[in-house]
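*Asks:* show me how the following folds:
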Amino acid sequence: MIKSMTGYGQATFSSRNNTIISVELKSVNHRYRDISIKLPIVLSAMEREIKKRIESLVERGKVDVYINVDIPVDSETAYEINMPLAKSYTSVLNKLSEELNLDTNLKIADIASVNNIIQLRKLNESDIPQEELLKPVDDALKAFDEMRTCEGRTLCNDIESRLSNILSITDKIFDMQPDVIKNYAERLKKRVKTLTDGIELDESKLIQEVAVMSDRCDITEEVVRLRSHISQFNKLLNTDTGAVGRKLDFLLQEMNREVNTIGSKGNDSDISRQVVDMKAEIERIKEQVQNVE
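*Replies:* You can find the predicted model right below:
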């Protein structure tokens with residue numbers, strides 16, 4: 001079954017030290033595979049493994065991954081002391097006290113009020129073991145792939161319906177061919193009679209002209225190829241071989257080529273109208289295929 005290049009998935013995970021890991025994946029259609037991962041710099045060593053997991057599921061499309069890590073402010077480990085700065089500040093005050101012969105009367109609140117002595121603890125790589133980061137990544141990827149599969153199923157149903165319509169019109173046009181030739185023969189006969197003012201006609205020459213016209217208007221080969229393209233298209237829609245979007249796009253070009261030839265050979269206004277309907281369906285399928293992986 002085909003998959004859509006449009007997908008979304010998100011997941012959160014609370015680690016053993018209450019750190020919250022949030023993962024979000026978004027994808028849109030793209031000619032090739034383009035993966036962009038944004039995560040805290042201290043976790044950059046894990047980027048390769050994350051990308052590898054995405055590549056195992058995605059063959060085409062632009063995928064954006066956002067990973068955010070939050071340390072709860074009510075956690076006992078949420079804050080840290082900049083001890084070198086605190087010691088330096090205390091040392092400077094003591095030195096100032098000695099030089100000016102003043103009492104320092106330092107209190108803990110005085111030191112704590114200095115900027116950056118007590119601050120939110122920065123994230124360290126050791127805070128998040130690889131398995132804890134990859135858990136929400138895998139969960140988000142699962143939701144992401146389920147959405148792409150669901151979207152793909154919707155696309156497949158719509159495309160199959162339009163292919164069925166094209167096939168139905170093709171059969172109708174093919175069945176119209178004998179009447180087109182017959183009508184042409186009658187029109188030709190009337191025209192010749194009018195031009196020759198009732199002179200007896202050479203039936204063999206008329207038959208020869210109709211035969212030439214019949215060969216020129218014969219769409220058997222085009223219809224056979226068009227049916228073959230539609231059959232291949234249906235098989236690709238239900239294949240499990242991975243990305244098929246480019247193959248589908250190529251088949252659409254070939255289908256459009258055959259339909260154009262049928263239109264030019266048709267030599268009939270009713271066939272021309274049917275060809276317009278077929279081309280409209282091909283254009284709608286083409287729009288859908290732009291989003292197929």
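*Asks:* in the protein, which residue is most central in space?
*Replies:* residue 5 (1.8 Å; C-alpha atoms, centre = their mean).
*Asks:* quick check: chain neighbours aside, which residue is closest to it?
*Replies:* By the measure of C-beta to C-beta, 6 or more residues apart in numbering, the closest residue to residue 5 outside its immediate chain neighbours is residue 61, 3.7 Å from it. Placement of C-beta: from N, CA and C, glycine included.
*Asks:* hey, what's that neighbour bridged with?
*Replies:* Here residue 61 shows beta-bridge partners residue 33, assigned using DSSP bridges.
*Asks:* which residues does it contact?
*Replies:* 5, 6, 7, 27, 28, 29, 30, 33, 34, 293 (C-beta atoms under 8 Å, 6 or more residues apart in numbering).
*Asks:* distance check, it against residue 35.
*Replies:* 9 Å (C-beta to C-beta, to the nearest Å).
*Asks:* same check, this time on residue 95
*Replies:* In terms of C-beta to C-beta, residue 95 sits 56 Å off from residue 35.
*Asks:* please say which of these two ends up with more neighbours.
*Replies:* Remark: of residue 95 and residue 35, residue 35 carries more neighbours, 17 against 11, as counted by other C-beta atoms under 10 Å.
*Asks:* chain neighbours aside, what residue packs nearest to the more buried one?
*Replies:* residue 63 (4.8 Å).
*Asks:* check which helix or strand covers the one you found.
*Replies:* Taking DSSP states H and E as the criterion, residue 63 maps to strand 61-70.
*Asks:* what residues of that strand count as buried?
*Replies:* Buried residues in strand 61-70, counting neighbours by 16 or more other C-beta atoms under 10 Å, are found at 61, 62, 63, 65, 67, 69.
*Asks:* for the spatially closest residue to the second one that is not a sequence neighbour, give me its contacts.
*Replies:* Closest residue to residue 62 in three dimensions, ignoring its sequence neighbours and counting by C-beta to C-beta, 6+ apart: residue 30, at 4.0 Å. Residue 30 is in contact with 5, 60, 61, 62, counting by C-beta under 8 Å, 6+ apart.
*Asks:* thinking again about what came up before, pull out the buried residues from the contacts of residue 61.
*Replies:* By 16+ other C-beta under 10 Å, the contacts of residue 61 give 5, 6, 7, 27, 29, 33, 293 as buried.
*Asks:* which of those fall in strands?
*Replies:* Of the buried ones among the contacts of residue 61, the ones assigned to strands by DSSP state E are 7, 27, 33.
*Asks:* for the residues you listed, give me TSV that also has distance to residue 51 and pLDDT.
*Replies:* Formatted as TSV, these follow (distance: C-beta to C-beta, whole Å; pLDDT from 0 to 100):
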residue	distance to residue 51	pLDDT
7	16	96
27	14	97
33	10	95
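*Asks:* list just the nearest of those to residue 87.
*Replies:* Nearest to residue 87 among these: residue 27, at 51.0 Å, using C-beta to C-beta.
*Asks:* distance of that closest one relative to residue 63?
*Replies:* Applying C-beta to C-beta to residue 27 and residue 63 gives a distance of 4 Å.
*Asks:* also residue 50?
*Replies:* According to C-beta to C-beta, residue 50 stands 11 Å off from residue 63.
*Asks:* same question, residue 33
*Replies:* When residue 33 is compared with residue 63 (using C-beta to C-beta), they lie 8 Å apart.
*Asks:* tell me what angle the helix ranked longest in the chain forms with strand 61-70.
*Replies:* What stands out as the longest helix in the chain, according to DSSP state H, is helix 130-196. Going by axes from the mean of the first three to the mean of the last three C-alpha atoms, to 10 degrees, helix 130-196 is angled at 160 degrees with respect to strand 61-70.
*Asks:* what mean pLDDT does helix 130-196 have?
*Replies:* Regarding helix 130-196, the rounded mean pLDDT is 85.
*Asks:* phi, psi of the residue of the chain positioned farthest from its centre?
*Replies:* Relative to the C-alpha centroid of the chain, counting by C-alpha atoms, centre = their mean, residue 101 is the outermost residue, at 74.9 Å. Dihedral pair for residue 101: phi 60, psi 50, per degrees, to the nearest 10.
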